[in-house]
Each structure stands twice: as structure tokens, then as C-alpha cells.
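Student: sequence and predicted model, in that order:
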Amino acid sequence: MTHNLNTLQKNLIKKSQKRPEWQDPKRKLWLLSPMAPVIGWAMYLAVKDQQGFDAKNTALAWSGSIFTYGFIPLADYLIGLDKSNLSEQAYQVLEKDRYYQKIAHAFIPLNYTALFIAAHQFTHRKLPWYNKLGVAITSGIGSGIAINTAHELGHKSDKLNRTLARISLAPSAYGHFAIEHNFGHHRWVATPQDPASSRYNESFWQFLPRTVIGGLRSAINIEKRRLQRKNKSFWHKDNELLQGWAITAVLYATLLKLYGKKVIPFIVIQAAYGFSLLESVNYLEHYGLLRQKDSKGNFVRTEAAHSWNSNNVVTNLFLYQLQRHSDHHAHPSRVYQALRHFDESPQLPSGYASMIVPAYIPPLWFAIMNKRVVAHYNGDMSKINLHDKPLSPRMQQATTTVRQGLDWLKQRF
């Protein structure tokens, strides 16, 4: 019967029978990450000279903190969770779509622009010290998120993405992260050997110097061994650590040239806050979790149970689904838009953005998380990655008091 149809009619029939290609419902929402520094532009440029207290100007100067620790947790709470995983067909579509990688690439020049605008406002605006601090910390939050962008790009195998990762790490002077994370953390995650895996009863303030110093030392040793295998010295031009640090040196020299010595406090504050923000997320991701040893005394393969996860939608959109951390460790090169949820992964009570502030307050953190770690291992303390020192009597008392307060609030509300 179809032989009586003309060409146009046949094409219409074929088109109607063709299975539509799957479309990502979050496709445009992934743009939230590179939009963050653009929002920063507006906030920085709105900051004006100030004499005396000005609530609006102060809010603008501290807008990064308000947005990160206020707006995003609230949005996470209101919008909720998304535990859905992609079908195989959807995964094949997304894996080949370059649009998602371009989003990560776009973040870098947008964030650099925000950095220079913030540096200008810090050095040229007449602001009280606390608002200068707010501008620098807001910029530091951008530098911290840039480390997450570098994390996404640094797992790619091609030279372009690895170079872009080092450029993204430059504002925070954390160029060694690309080496230590890929070849140190991923090897030793959730073991006592890993400086980036926090231990049960270890406060963030105890963890921070251990992970900063340990991560740097690990990266140097990894790069030394790599170069030695190629019969090259540590000071060879192929040293990726030196390449990353050189990019940072050029960036900081440019800021000094443009804005003079007045920019030095800005450089230090934004860099320190940027890498401390990264380390606060590291603190959340593997707290107290431990890979067990097999019959030969080797640590078992990293599994879904070795990372704390979260499916809060908004934070995942801003952080390239970093909160689906178990799948990232299982498949480091898996594209961020396709990372999966696993039911066996331990879940944080809220998103990363909501958990950072409790991490800064040890009694609150221990009150929230210690019982979850113990429950995850069914009360078997021998399976937990323990800190080498127990809580002091004062810290234990403070933790018990906070836990009782949280239990009271839960019963009332």
C-alpha cells in the first residue's frame, strides 16, 4: 500500500516511527555553576565606598557567604532530593555531548574575571576592614569552587583538560591537588594512609593542617617518582607541580602589577579560604569510613560504602554532582552529568553546602555524624577509621549536650 505514497508522505511516516532521542531535563540547570561567578560580578560591582556602617554594602561584600551558607542550603531543603539514575540509552547520549564539558570550561574565564573585579574593589574602594574581608572571602569561595572545576577536568586524560585544571587551581595556589588527588587520594581513600580522609573523632581543625601538609608532601613524592621513572630530575620542565605553581606565580605577579602591594592581603585571604573550602568538603566526604583489609593484608577495592553521599539537587547542580561521590571513586573518568546514586552509599543528613558550617563546629559535627558512622558499621568500632586520640572530656561533654539539644528539637518539631 505504501508504494502509492509520495516521498513527503513516506518521510513523515518514518519520522513518526523514529524513537525520539532522550533529553536531559537538567540540561540548562547545569549552567548554574558557571553562572555563580557572573553573579559575583554583579555583587562586587555593586559594592561602593563606605563611611560608617552600611547594612546593604555589608551584605554585598559578604554575598558569597550568604549565598553559599544561606541560599543554597535553603534551596536544597525546599527542592529536595533526586535519587534517579540514567538509563543506558540516556548515559550514551550524555557521555558524547560536549555541551557539558564546555560548561566546566566556561567557569574558568568567568571566575578569573570575578577574581580581578574583586581585587579591584578590595584595593580601590574605601571599605571598613570587615567588608574588605567579606570581599576577599567571597572571592575565596569562587576559588574554592574553581578547585572543584579542576577536579572535574583533571580526571580527563587529554592535555587540554589537564592544563585547564592547573589554570583553575592557580588562584588558590593549590596546583598540587591535581596530582595528589588523582594518584594519591584515589589510591588510599578511606584508609589511615590518606591525608584527605578524615577520621572518626577528628575535628575539622585537627584535619585541616594534616590534610594540607600531607597532601602537599604526597604530591611532591608522587611527582618525584614519576620523573625518576623517566630519568628526569624534580626541577625538570616536565614537572607538573612546577608548571602549576608557575601559573600561580604569573597570576599573582599580574595582580601585584595592577593593584600594588595593597592586593597582597586579598591574595592571601582568598587563596587560604579557597583551599580550606575544598578541604572542608574533603572532611565531609569520607569521615570515619574505612576500607577493610583482605586475607593478604591489602585494603579492599573502593566501594560505594566508602564515601558519604547526598542527592540534594541544588548543590549537585553547582558542584558537578560531586555529592555522588561513591560513583566518582568507582569510575573517576565518568562524566559528572551521568554519576549515579547507590542505595548502599551512606547518606549525609543534608547537602555539602549545609554540612560545611557544622563541620566548623566540632561538638555539633560529632553530635550529628558520629552516630551515623557507628550505625553504618552496626556498632563495630574496629571497622571505623579512628582518630588516634579520643575526644577530651570537655569535648565529649559538649558533644553530649549538643546531641541532647538536637534530640529535643527533633521531638518538638
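Tutor: Ah, there it is. Numbering: from 1, shown residues only.

Student: where do the helices sit along the stretch 201-350 of the chain?
Tutor: For the stretch 201-350 of the chain, the helices defined by DSSP state H, counting those that start in this stretch cover 204-229, 240-259, 264-285, 313-318, 325-330.

Student: which one of those helices lies nearest to residue 92?
Tutor: Residue 92 lies closest to helix 325-330 among these, at 16.6 Å (Cβ to Cβ). C-beta: built from backbone N, CA, C; applies to glycine.

Student: would you mark the buried spots in the next helix or strand after that closest one?
Tutor: As assigned by DSSP states H and E, the chain's next helix or strand after helix 325-330 is helix 352-360. Within helix 352-360, the residues that qualify as buried are 352-356, 358-359, counting by 16 or more other Cβ atoms under 10 Å.

Student: run through who's touching helix 352-360.
Tutor: Contacting residues not belonging to helix 352-360 are listed as 68-69, 72-73, 76-77, 204, 277, 280-281, 283-284, 310, 312, 314-315, 318-319, 322-323, 348-349, 364-365, 368 [Cβ atoms under 8 Å, 6 or more residues apart in numbering].

Student: filter those residues down to the buried ones.
Tutor: By neighbour count, with 16+ other Cβ under 10 Å, the contacts of helix 352-360 hold 68-69, 72-73, 76, 204, 277, 280-281, 283-284, 310, 312, 314-315, 318-319, 322-323, 348, 364-365, 368 as buried.

Student: identify whichever of the helices of the stretch 201-350 of the chain lies nearest to residue 82.
Tutor: Nearest of these (Cβ to Cβ): helix 313-318, 5.0 Å.

Student: who are the packing partners of that closest one?
Tutor: Packing contacts for helix 313-318, counted by 3 or more Cβ pairs under 8 Å, 6 or more residues apart in numbering; DSSP states H and E, involve helix 32-46, helix 72-79, helix 352-360.

Student: can you list the ones you listed in CSV and add mean pLDDT and distance to residue 157?
Tutor: Below are the helices and strands packed on helix 313-318 laid out as CSV (pLDDT from 0 to 100; distance: least, Cβ to Cβ, whole Å):
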stretch, mean pLDDT, distance to residue 157
helix 32-46, 89, 22
helix 72-79, 94, 32
helix 352-360, 95, 27
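
Student: so which of these gets nearest residue 235?
Tutor: Minimum separation from residue 235 across those (Cβ to Cβ) falls at helix 32-46, 34.7 Å.

Student: so where is this protein shaky, pLDDT-wise?
Tutor: Scanning the chain for pLDDT under 70 picks out 1-22.

Student: now do the helices in the stretch 51-200 of the chain.
Tutor: For the stretch 51-200 of the chain, applying DSSP H, counting those that start in this stretch gives helices covering 55-61, 63-66, 72-79, 88-95, 99-124, 129-154, 159-169, 177-180, 186-188.
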